[in-house]
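Chemist: Need coordinates for the below:
(one chain, ligands or ions: 1)
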Amino acid sequence: MAQYSRISGSVGLITLKNPPVNALSAAVRQGIVDTVEKALCDPQVKSVVICGQDGVFCGGADVKEFEKSMSGPPLIPMIHSIECATKPMVAAIEGSALGGGLELALGCHYRIAHSKARLGLPEVTLGLLPAAGGSQRLPRLIGVPAALDLITTGRHVTAAEALQLGIVDQVTDHKTVDAAVKFALSVAGKPLDARRISTYPCPVVTDLDALFEDVMQKVRQSARGAIAPIACVQAVRAAATLPYTRGMEREKELMATLFTSGQARALQYNFFAQRAVGKWRMPSGARWDTSTPRPVHKVAVIGLGTMGRGIAVALAQAGLPVVTVEAQEKQLMEAKRVMSDMLKRGAKRRGVAPPLDKISYSSNIQDLADVDLVIEAVFEDMDLKKKVFLQLSAVCKPGTLLCTNTSGLDVDQLASQTRNPELVVGMHFFAPAHVMKLLEVVYGPRSSPQAVATAMQLGKKMGKISVAVGNCRGFVGNRMLKLYTEQASFLLEEGATPDLVDRAIEEFGFPMGVFRMSDLSGLDIGWRVRKEMKLAVPGQSARIREGRRYSPLGDLLCEQGRFGQKTGRGWYRYNKPGDRVAHSDPWLHHFLEEYRAQHGLVARRIDQQEILERCLYPMINEGFRILQDGIAAGPEDIDVIYVFGYGWPRHCGGPMFYASMVGLEKVLERLEHYYQAHPDVPYLQPCSLLRRLVAIGSPPVQKWREVIKNLHSQL
Ligand SMILES: C[C@H](O)[C@H](C)C(=O)SCCNC(=O)CCNC(=O)[C@H](O)C(C)(C)COP(=O)([O-])OP(=O)([O-])OC[C@H]1O[C@@H](n2cnc3c(N)ncnc32)[C@H](O)[C@@H]1OP(=O)([O-])[O-]
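Modeler: Predicted structure coming up:
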């Protein structure tokens, strides 16, 4: 709703009230219509201020209402009536003015923002476009190029940038409403025609066609199949080429193509999933709102390889003092140089001073005696990690949290090396750790809820999207990824090529196909793990291992030193070691033909659909096993992990959301089909949870958490 009061004698104050972000729900829109009328009819009122309660102007349209049939006054005429008002309307912007919230402010005649406010039109991140006049008013106010940037990226701008762009008229460090009231008093009675943005001509652009061609090409490339960014360009083009009213019709047309699209549903699901994972719970029943994190004032990182360096930099950038320990002096010096550069580059990008003094460097583990939390990031070897945890348990003060950055080793085995296994959790970062948003917080059977709460809170402080998951081999992300990469190798055996598989995966929306990704991260990483598991045996090319199908293709390439980009040869050819541009390699195609001949395999034509089904459905099936095992609490956890850690296209929601979009029955039927064709691949057998969900009518993904909870409570 919206509240009305008259203050300072002649200023009508309208306050939006819909916590926590004053979203423009039906009740708020009705409240605005009623209070604007009241203010305009109140003879004592000479000007009006619109603000939001609790220091937030407005987070935009109420996304939760999108699933329901729309009720209440529509936004466009509501904003139009504010723009047409005969008394100055001043928006007092605190906290956020986003989407419909900024569109409401653009309908006002003046905008006053607090210096900490954030403004933007992020509708594209929800699979939509600014559909309450934003795509027509913003270009008229700030020009086409700047509007195109904000609307196609959805990025938020600071109040300072908004002032520089001309979106706001004034920025204040003080009470925003007071500043807005003072401003409203000063403009009372002044003519308003020149303040009605929709009447502005759109600033002329010299070569309009060239600009839009260039932007459209860039947007198509970065969109990777997303449709909303393209519609955003088309809407702004309407603003640049059509009169306002016709432009608004075009905006409406384009929005209609997006509003009910699968991509919009996927992106809005993802928006809420990101918030749902913060509300974590463990199988023991411990939850985010019943577990108190321990205070963390000083942290440590042990092991300054690529991951350790990124983690330490991210911690320092979050304002924490970090003690780093690296046993090898040469590695320590090199790390210091590299990390200082990373801090300087990061600070330059953010326009702040580099927090170089936040990090101290040492080769002595005794220097960790007074830290509150340690993140171990040494080489991915269990014996080495065990030694480190034994040392840490002896050196660190009682109550210190011991966290491991392992990407899949048994966290509980490491906990066994310590005096307090309840204080041990996994904090699995993704490379580069100071850039990637995702953090898997891994709890073992003895990890305390307090330890999980502390790691989750630290993740939030570092600006990460943290997901709490149970301890198992590969946790959630890597456990599912193994099946995806394995199926891709099986497809090569059956007739596909790396180029063909990668093209299908990239056209689906992944930034990089499975074989290009393998070449980037290095084939030798996986090979070492397979050798440790006694799966990869040099010279051994049998295709059945431990009673099930196995593809030795990756091992055979590694035996020839083809580790990928780092050696200039892998699944692809590179002009020189370290190069990033992959070239199709005739040698590999010939190697595959020989391999098939050697194993009596006959290549067959494999189409895009089969590639996607064979690579994605087993991964999804494993996702159901992870839910069934209680390793992840809900589908949102898995989907957020894949979108923010593994490049799953956000406009496809994530593996589990995608399965619900494709239809669980179809996924089940295809898995049964492939299991029949490949009985030597046991994990193709559909998971019983998947069967169960189909049996109860394939409820929407948002309902699965409840179904799983009931299932577990019956067990
Ligand atoms: C016509 C028009 O053109 C179109 C079509 C539109 O306008 S489309 C809409 C465009 N607007 C947006 O894209 C902005 C979306 N929101 C945000 O970016 C952020 O929320 C925030 C504003 C920067 C605050 O961040 P925060 O970190 O302080 O809190 P939070 O945890 O994120 O959010 C706190 C709680 O508020 C909920 N919430 C936030 N914004 C919401 C919204 N617009 N609608 C409904 N719920 C919303 C959120 O789910 C969470 O709920 P719960 O988990 O507590 O149950």
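Chemist: So which residues of the stretch 251-400 of the chain form helices?
Modeler: According to DSSP state H, counting those that start in this stretch, the stretch 251-400 of the chain carries its helices in the segments 262-276, 306-317, 329-350, 382-395.
Chemist: who wins for proximity to the ligand among those?
Modeler: Between the ligand and the helices of the stretch 251-400 of the chain, the tightest spacing by C-beta to the nearest ligand atom is seen for helix 262-276, at 3.7 Å. Heads up, the C-betas are built off the backbone N, CA and C, glycines and all.
Chemist: Tally up the residues packed near Phe591, please.
Modeler: Using other C-beta atoms under 10 Å, Phe591 has 17 other residues around it.
Chemist: could you point out which element follows the host helix or strand of it?
Modeler: Element membership for Phe591, per DSSP states H and E: helix 586-598. Following helix 586-598 in sequence order, the next helix or strand is helix 608-628 (DSSP H and E).
Chemist: Could you identify which of the helices of the stretch 251-400 of the chain is most buried?
Modeler: Comparing the helices of the stretch 251-400 of the chain by mean neighbour count (mean count of other C-beta atoms under 10 Å), helix 306-317 comes out on top with a mean of 25.
Chemist: May I see the helices of the stretch 251-400 of the chain organised as a markdown table, with distance to Asn478 added?
Modeler: What follows is the helices of the stretch 251-400 of the chain, written out as a markdown table (distance: least, C-beta to C-beta, whole Å):
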| stretch | distance to Asn478 |
| --- | --- |
| helix 262-276 | 20 |
| helix 306-317 | 14 |
| helix 329-350 | 25 |
| helix 382-395 | 15 |
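Chemist: In a markdown table: those helices, plus mean pLDDT.
Modeler: Shown next, in a markdown table, are those (pLDDT from 0 to 100):
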| stretch | mean pLDDT |
| --- | --- |
| helix 262-276 | 97 |
| helix 306-317 | 97 |
| helix 329-350 | 94 |
| helix 382-395 | 97 |
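Chemist: In TSV: those, plus distance to the ligand.
Modeler: Listed next are the helices of the stretch 251-400 of the chain as TSV, based on distance: least, C-beta to the nearest ligand atom, whole Å:
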stretch	distance to the ligand
helix 262-276	4
helix 306-317	19
helix 329-350	18
helix 382-395	34
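Chemist: Would you check that Gly189 makes contact with Lys46?
Modeler: Yes. With contact defined as C-beta atoms under 8 Å, Gly189 reaches Lys46; the gap is 6.3 Å.
Chemist: So between these two, which is more surrounded?
Modeler: Lys46 (18 against 10).
Chemist: who's in contact with the more buried one?
Modeler: 10-11, 87-88, 185, 188-189 (C-beta atoms under 8 Å, 6 or more residues apart in numbering).
Chemist: Which of these are buried, as a PyMOL select command?
Modeler: What follows is the PyMOL syntax selecting those of these that are buried according to 16 or more other C-beta atoms under 10 Å:
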select buried, resi 10+11+87+88+185
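Chemist: Name the residue of the stretch 351-500 of the chain that lies nearest to the ligand.
Modeler: For the stretch 351-500 of the chain, C-beta to the nearest ligand atom, closest residue to the ligand: Lys460, 9.6 Å.
Chemist: interface residues of this structure facing the ligand?
Modeler: 20-21, 23, 59-64, 75, 96, 98-100, 103, 122-123, 126, 128, 130-132, 134, 272, 275 (C-beta under 6 Å from any ligand atom).
Chemist: Go again with 5 Å.
Modeler: 20-21, 23, 59-64, 96, 98-100, 122-123, 128, 130-132, 275 (C-beta under 5 Å from any ligand atom).
Chemist: Mind giving me the PyMOL command for buried ones among those residues?
Modeler: Applying 16+ other C-beta under 10 Å to the residues of the chain next to the ligand, the buried members can be selected in PyMOL as follows:
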select buried, resi 21+23+59+60+61+62+96+98+99+100+122+123+128+130+131+132
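Chemist: what sits against the spatially closest residue to Asp639 that is not a sequence neighbour?
Modeler: Closest residue in space to Asp639, ignoring its immediate chain neighbours: Gly654 at 2.3 Å, by C-beta to C-beta, 6 or more residues apart in numbering. Gly654 is in contact with 266, 269-270, 273, 635-636, 638-643, 648, counting by C-beta under 8 Å, 6+ apart.
Chemist: So for Leu40, what's the pLDDT?
Modeler: Model confidence at Leu40, given as pLDDT, is 97.
Chemist: Confirm for me that it is in contact with Ile82.
Modeler: No. At 9.5 Å, Leu40 does not count as touching Ile82 under the criterion of C-beta under 8 Å.
Chemist: Can you pick out the residue with more neighbours from the two?
Modeler: Set side by side, Leu40 and Ile82 show more neighbours around Ile82, with 24 against 17, by other C-beta under 10 Å.
Chemist: who touches that one in this structure?
Modeler: 32, 36, 50, 89, 104, 107-108.
Chemist: related to what we said a few turns ago, just checking, what packs against the helix holding Phe591?
Modeler: Here helix 586-598 touches helix 477-494, helix 553-559, going by 3 or more C-beta pairs under 8 Å, 6 or more residues apart in numbering; DSSP states H and E.
Chemist: now these in CSV, with mean pLDDT and mean neighbour count?
Modeler: As requested, the helices and strands packed on helix 586-598 are exported to CSV (pLDDT from 0 to 100; neighbours: other C-beta atoms under 10 Å):
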stretch, mean pLDDT, mean neighbour count
helix 477-494, 97, 21
helix 553-559, 95, 21
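Chemist: Which among these is found nearest to Glu334?
Modeler: Proximity to Glu334 (C-beta to C-beta) singles out helix 553-559 among these, at 26.6 Å.
Chemist: Who are the packing partners of that closest one?
Modeler: helix 477-494, helix 523-532, helix 586-598.
Chemist: hmm, try it at 6 Å
Modeler: helix 523-532 (3 or more C-beta pairs under 6 Å, 6 or more residues apart in numbering; DSSP states H and E).
Chemist: In the helix it packs on, which residues are buried?
Modeler: 523-524, 526-527, 529-530.
Chemist: follow-up on the earlier one: tell me which of the contacts of Gly654 is nearest to Val707?
Modeler: Looking across the contacts of Gly654 and measuring by C-beta to C-beta, the closest to Val707 is Pro635, at 10.3 Å.
Chemist: Number of residues surrounding the residue in the stretch 501-650 of the chain that the ligand sits nearest to?
Modeler: Distance from the ligand to each residue of the stretch 501-650 of the chain (C-beta to the nearest ligand atom) is smallest for Glu636, at 11.2 Å. Residue neighbour count, defined by other C-beta under 10 Å, stands at 27 for Glu636.
Chemist: That one should be in a helix, yeah?
Modeler: Yes. Under DSSP: H, G, I helix; E, B strand; the rest coil, Glu636 sits within a helix.
Chemist: pretty sure it contacts Gln274?
Modeler: No. Counting by C-beta atoms under 6 Å, Glu636 does not reach Gln274; the two are 8.2 Å apart.
Chemist: Report pLDDT for the most centrally placed residue in the chain.
Modeler: By C-alpha atoms, centre = their mean, the mean C-alpha position of the chain lies nearest to Phe644, the distance being 4.1 Å. Per-residue confidence (pLDDT) for Phe644: 98.
Chemist: same deal with Gln714?
Modeler: 68.
Chemist: secondary structure class for Trp571?
Modeler: Trp571 ends up coil, using three-state DSSP.
Chemist: Count the residues that sit near it.
Modeler: The number of residues near Trp571, taken as other C-beta under 10 Å, comes to 29.
Chemist: sorry, back to before: which ones among the contacts of Ile82 map onto strands?
Modeler: In this view, the contacts of Ile82 that belong to strands under DSSP state E are 50, 89.
Chemist: Between which two of the buried residues of helix 523-532 is the distance greatest?
Modeler: Of all pairs in the buried residues of helix 523-532, the most separated under C-beta to C-beta is Leu523 and Val529 at 11.3 Å.
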